[in-house]
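# A structural model of the following input is requested.
(2 chains)
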Number of protein chains: 2
Amino acid sequence: MTAAIDFYFDFSSPYGYFASTRIDELAQKYGRIVAWHPILLGVVFKTTGCSPLPHVPLKGDYAWRDFERTARFHDIEYKRPTHFPLPTTQAARAMLWLQNHHGDDIATAFAKAVYHALFVDDINIAEPAELVKLAEPLGIDAHAMDAGASSFQIKDQLKAAIDVAMAKGVFGSPFVIIDGEPFWGFDRFDQIEAHLKSKRPTELRAVGSTDSHTLGNTDSSKEKKPA
Amino acid sequence: MTAAIDFYFDFSSPYGYFASTRIDELAQKYGRIVAWHPILLGVVFKTTGCSPLPHVPLKGDYAWRDFERTARFHDIEYKRPTHFPLPTTQAARAMLWLQNHHGDDIATAFAKAVYHALFVDDINIAEPAELVKLAEPLGIDAHAMDAGASSFQIKDQLKAAIDVAMAKGVFGSPFVIIDGEPFWGFDRFDQIEAHLKSKRPTELRAVGSTDSHTLGNTDSSKEKKPA
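Below is the predicted model of the structure:
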């Protein structure tokens, strides 16, 4: 009944990592599912003319400090990575391959493992061999994943997916779109929750008014109430 | 006993405006005062290479939407200004002149009036005549202010103040520095409050350990407890 939450992220984005530790839990609380979309900020930045935060004069030092403080404030495990910034193309492509061949649950578990590897265990996730090591415990044929991630089909698919994201207005990481409403940044999670909260009664009302013969089903809704 | 909170802002910054409606109240809650520092983002952006948010491709539309949603979320009066972006040099200089000649309270009241004029009443605050109109109800000799704001002394003072701010790491608006800890953005007010909360017991302890004969005064502290 309720639409999926679209969650866009780059694997090298610390705020994207923070968001990845909370988005599923938040969505579940309001009976939603999350569609995970890896993107490449390098491609997006060609359009916006922006640079990665740690590269901007003055902002760089602040950014590193804010990553740490924000992790502490939200009680999220975080260790400053030594490999940074780093290319995330292979990780993004591997995730798409997994979505195609193993479905969303396995692909999302892999994404969480990749983020944890970079931002907690300080692993160089630009290395295909490291991605293979992360995939193996998930019961994936990691060498098939490695080969698939380098195929032309997956390269084209990622390129097209980023074009679609930008056409929808995505320009950063994390970026969340819910019911057409865009939210940029982990620091918009409070507004995301307010949106999810406000949308639930409205939707029930909308269903009731446009399709009145289904009203009798309202009580048997399986959706959980917001806590 | 406790240091002032340094609050940096540009008069054309919507998030700066939002912060200006909350910063004094938040500081008071923790027994602090606020030192208000008008800056010019145009000068800062020459160093960082950034552009005003509404001018960045893709970010622009989002920014306008986020200004409105954030105002609503925090229950702050806001109306999208038609004069935007606009030069804020005269407003910043007028505020410095007021700080020099009428003290911080009048200068801060003027700053709040300027922000309200731009972001609620849709007044073109780049016009010196509009600044004069805003100053008059505050019992200021507004024509002296207008003349003073154009003096070489005030021009130099603002330039130097922005240099000092940048030397301290300021690169955006709002930007808050408390006890050497920098916070960028209205969306860091939750972390600012956590910092203020955490600093209070530490400071009392510090006083006790370095200056033990004052310990007996602890109970008679006039500082308010955090709510």
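
# quick one, strands of chain A?
A:5-9, A:34-38, A:175-178, A:181-184 (DSSP state E).

# Tell me which of those lies nearest to residue A:76.
Ranking the strands of chain A by proximity to residue A:76 (Cβ to Cβ) places strand A:5-9 first, at 14.5 Å. Yep, even glycine has a C-beta here, placed from its N, CA and C like the rest.

# Let's see the closest one as CSV, backbone CA atoms only.
Output of strand A:5-9 as CSV, limited to C-alpha atoms (Å, rounded to 0.1, in the frame of the first residue of the first chain):
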residue,chain,number,x,y,z
ILE,A,5,11.6,4.9,0.4
ASP,A,6,14.3,5.6,-2.2
PHE,A,7,17.7,5.8,-0.6
TYR,A,8,20.7,7.1,-2.7
PHE,A,9,24.2,6.9,-1.4
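
# Which strands or helices does that strand pack on?
With contacts taken as 3 or more Cβ pairs under 8 Å, 6 or more residues apart in numbering or on different chains; DSSP states H and E, strand A:5-9 sits against helix A:14-20, helix A:23-29, strand A:34-38, strand A:175-178.

# From the rest of the structure, what touches that strand?
A:16-17, A:19-20, A:23, A:27, A:32-39, A:165, A:168, A:170, A:173-178 (Cβ atoms under 8 Å, 6 or more residues apart in numbering or on different chains).

# ok, back up a step: so which of the helices and strands packed on strand A:5-9 is nearest residue B:138?
Per Cβ to Cβ, nearest to residue B:138 of the helices and strands packed on strand A:5-9: helix A:14-20, 41.1 Å.

# contacting residues around the closest one?
By Cβ under 8 Å, 6+ apart, the list of residues contacting helix A:14-20 reads A:7, A:9-10, A:67, A:70-71, A:74, A:76, A:78, A:111-112, A:115, A:118-119, A:173-174, A:176, A:185-187, A:189.

# Show me those residues that map onto helices.
Within those, residues falling in helices by DSSP state H are A:67, A:70, A:71, A:111, A:112, A:115, A:118, A:119, A:189.

# Nearest residue to the fifth one in space, please, no chain neighbours.
In this case it means residue A:112. Once flanking residues are discounted, residue A:112 sits nearest to residue A:20: 6.2 Å by Cβ to Cβ, 6 or more residues apart in numbering or on different chains.

# how deep is that neighbour tucked in, by neighbour count?
Neighbours of residue A:20 under the rule other Cβ atoms under 10 Å in any protein chain shown: 25.

# give the contact list for residue A:66.
B:184, B:188.

# wait, residue A:155
residue A:93.

# what does residue A:186 give?
Counted by Cβ under 8 Å, 6+ apart, residue A:186 has contacts A:15, A:16, A:18, A:19, A:22, A:70, A:174.

# and if you look at residue A:174?
Under the contact definition (Cβ under 8 Å, 6+ apart), the residues listed for residue A:174 are A:7-9, A:13, A:15-16, A:18-20, A:23, A:184-186.

# Please identify the one among those that lies nearest to chain B.
residue A:184 (6.1 Å; Cβ to the nearest Cβ).

# from what I can see that closest one touches residue B:62, true?
Yes - here residue A:184 reaches residue B:62: they are 6.1 Å apart, a contact under Cβ atoms under 8 Å.

# Spit out the residues that contact the two alike.
Contacts common to residue A:184 and residue B:62, judged by Cβ under 8 Å, 6+ apart, are residue A:171.

# one step back: dump the contacts of residue A:186 to a markdown table, plus pLDDT and distance to residue B:131.
Listed next are the contacts of residue A:186 as a markdown table, based on pLDDT from 0 to 100; distance: Cβ to Cβ, whole Å:
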| residue | pLDDT | distance to residue B:131 |
| --- | --- | --- |
| A:15 | 98 | 38 |
| A:16 | 98 | 43 |
| A:18 | 98 | 42 |
| A:19 | 98 | 42 |
| A:22 | 98 | 45 |
| A:70 | 98 | 38 |
| A:174 | 98 | 40 |
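
# Tell me the one of these nearest residue B:86?
Among the contacts of residue A:186, and counting by Cβ to Cβ, the member closest to residue B:86 is residue A:15, at 30.7 Å.
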